[in-house]
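**Q** Make a model of this:
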Amino acid sequence: MKFIPAFLVLLLGLVGLCAQETEKIPLNERRTTVTIWNQHNGGFNDRGSKVLNVVLITKGKEVFRKDGVVIPWERGTDTFVSVVVPSVPTDTVRVEVVESINERPGLAEIQFVRKGKNLAKKKTVRVNGVWESHPGVTGDTLTDEITTSSKHQHGYWCSPDKEKAWAEVDVKTRD
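**A** Numbers count the residues shown, from 1 in each chain. This is a model prediction of the structure:
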C-alpha cells in the first residue's frame with residue numbers, strides 16, 4: 001500500500017513538471033489555428049459570410065476538414081473566428097463560404113498561424129472569382145494583413161454574388 005501513494009506523488013510531480021514547461025510557451029504558440037476575418041463592405045454593410053468550411057490540403061488531398069464553422073457578422077464591426085487545426089504538413093488552406101449575408105459572400109483576411117507565426121502572410125491566393133471583376137476587392141487582399149473592411153473596397157475580398165465562394169491560400173509547411 002505504501003507503493004501507491006509514492007507512485008502518485010511521483011506521477012503528480014512529473015505532471016507538474018510538464019505543466020511548468022508548457023506554461024513557458026505562450027498559449028497562442030502551442031497550437032495551429034486558422035483565423036478568418038469577416039467583412040461588411042465598408043459603410044454599405046451589405047455583404048459578408050455566416051457559415052464556413054475550413055480545409056487543410058497536402059499534396060492535393062484533404063488532410064483535415066471542419067464543416068459548419070459559424071463566423072460572426074455584425075454591421076460595421078470587424079469580426080473573426082479562429083479554428084484550431086492539427087499541426088500537420090499543409091500546402092493549402094481552403095475556406096469555403098457555405099452561407100453568406102444577402103447572398104453576397106466575402107472575407108477580409110485568412111491567417112494560418114503555427115508556432116506563433118502567420119504562414120499565410122503575403123502568400124498566393126486563389127478565389128472562385130471577384131465581384132464585377134473590381135480591382136479593389138481581389139483575392140490577394142486575403143493575405144495583406146488588413147483585417148478590417150471599414151474602408152470601402154480596400155483590404156477585403158468580395159466574391160461574385162450568389163456564387164459558391166471559396167478561397168485557397170498557399171502556405172506550404174513541412175513539419
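**Q** all contacts plus neighbour counts: C-alpha atoms, from now on.
**A** OK.
**Q** May I ask which helix or strand encompasses the closest residue to residue 62 other than its chain neighbours?
**A** Once flanking residues are discounted, residue 62 sits nearest to residue 56: 5.8 Å by CA to CA, 6 or more residues apart in numbering. Here residue 56, judged by DSSP states H and E, is contained in strand 49-58.
**Q** got a list of contacts for that strand?
**A** For strand 49-58, the surrounding residues in contact (CA atoms under 8 Å, 6 or more residues apart in numbering) are 38-39, 62-73, 89-101, 104-107.
**Q** Show me those that map onto helices.
**A** When DSSP state H defines the helices, the subset of the contacts of strand 49-58 inside them is empty.
**Q** Return a ChimeraX selection command for the buried portion of those residues.
**A** Per 16 or more other CA atoms under 10 Å, the buried members of the contacts of strand 49-58 correspond to this ChimeraX selection:
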select :38,39,69,71,72,73,89,90,91,92,93,94,95,96,97,98,99,100,101,104,105,106,107
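**Q** burial measure for the residue nearest to residue 62, as a count.
**A** Using other CA atoms under 10 Å, residue 56 has 25 neighbouring residues.
**Q** ditto for the one 4 residues further on
**A** Residue neighbour count, defined by other CA under 10 Å, stands at 10 for residue 60.
**Q** do the same with residue 37
**A** By other CA under 10 Å, the residues close to residue 37 number 27.
**Q** do residue 152 as well
**A** Number of residues near residue 152 (other CA under 10 Å) recorded here: 14.
**Q** and residue 77, bridged to which residues?
**A** Beta-bridge partners of residue 77, counted by DSSP bridges, are residue 74.
**Q** mind checking how far it is from residue 152?
**A** To residue 152, residue 77 is 13 Å away according to CA to CA, to the nearest Å.
**Q** Same check on residue 163?
**A** Computed with CA to CA, the distance linking residue 163 and residue 152 is 21 Å.
**Q** Could you do residue 52 as well?
**A** Distance of residue 52 to residue 152, computed by CA to CA: 23 Å.
**Q** returning to that earlier point: in CSV, list the C-alpha atoms belonging to the strand holding residue 56.
**A** Provided in CSV are the C-alpha atoms of strand 49-58 (Å, rounded to 0.1, in the frame of the first residue of the first chain):
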residue,chain,number,x,y,z
SER,A,49,-20.1,35.4,-44.6
LYS,A,50,-22.1,33.4,-42.0
VAL,A,51,-21.0,29.8,-42.2
LEU,A,52,-17.7,28.4,-43.5
ASN,A,53,-15.9,25.1,-44.1
VAL,A,54,-12.2,25.1,-43.3
VAL,A,55,-10.0,22.6,-45.1
LEU,A,56,-6.2,21.8,-45.0
ILE,A,57,-4.8,20.2,-48.1
THR,A,58,-1.4,18.5,-48.6
